[in-house]
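Student: how would this look folded up:
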Amino acid sequence: MLEQKDSRKYGIELVMDLHNCDPDTFTREKIGQYFVELCDLIDMQRADLHWWDDLDLPDEERETEPHLKGTSAIQFITTSNITIHTLDLLKAVYVNLFSCKSFDPEVAKKFTENWFKGEIVNSHVIDRI
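Tutor: Numbers count the residues shown, from 1 in each chain. The predicted structure is shown next:
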């Protein structure tokens, strides 16, 4: 194990699992708006946004497994990124928010829970050192 030379904190990561969410909030439009409003709320500057889903695939190639059917997106921010995965059939959302710039995880948690109209069933805050 490497020896840590100092105790500086280099970032914070918030990991959230939400259940019983409203799948109507899982659209690209609404997820995109979530990123805009969350970043404004926690004072983060948005950069590139990238999507992964099967919307452009023929029906026979689309995912049907409950643990695979959904949308994934990554919103790069100037200090790192926010990643989201939705599972439409399970009404679940998984969010990772990592930034080298400080933010209030409780504010981000409350906003996320309200946005997706679900409940956080698991969350962790990790200090990156």
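Student: Pull the distance from the lengthiest helix in the chain to the chain's centre.
Tutor: Residue-count comparison of every helix in the chain, with assignments taken from DSSP state H, identifies helix 28-41 as the longest. With C-alpha atoms, centre = their mean, to the nearest Å as the basis, helix 28-41 stands 10 Å off its chain's centre.
Student: now swap in stretch 119-126 and tell me
Tutor: Worked out by C-alpha atoms, centre = their mean, stretch 119-126 lies 12 Å from the chain centre.
Student: can you pull out the strands in this protein?
Tutor: Counting by DSSP state E, one finds strands in the chain at the ranges 11-19, 46-52, 72-77, 80-87, 92-99, 119-128.
Student: okay, the ones you listed in JSON lines with mean neighbour count and distance to Glu63 next?
Tutor: Placement of C-beta: from N, CA and C, glycine included. Rendered in JSON lines, the data for the strands of the chain read as follows (neighbours: other C-beta atoms under 10 Å; distance: least, C-beta to C-beta, whole Å):
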{"stretch": "strand 11-19", "mean neighbour count": "18", "distance to Glu63": "19"}
{"stretch": "strand 46-52", "mean neighbour count": "12", "distance to Glu63": "11"}
{"stretch": "strand 72-77", "mean neighbour count": "18", "distance to Glu63": "11"}
{"stretch": "strand 80-87", "mean neighbour count": "20", "distance to Glu63": "10"}
{"stretch": "strand 92-99", "mean neighbour count": "21", "distance to Glu63": "14"}
{"stretch": "strand 119-128", "mean neighbour count": "12", "distance to Glu63": "23"}
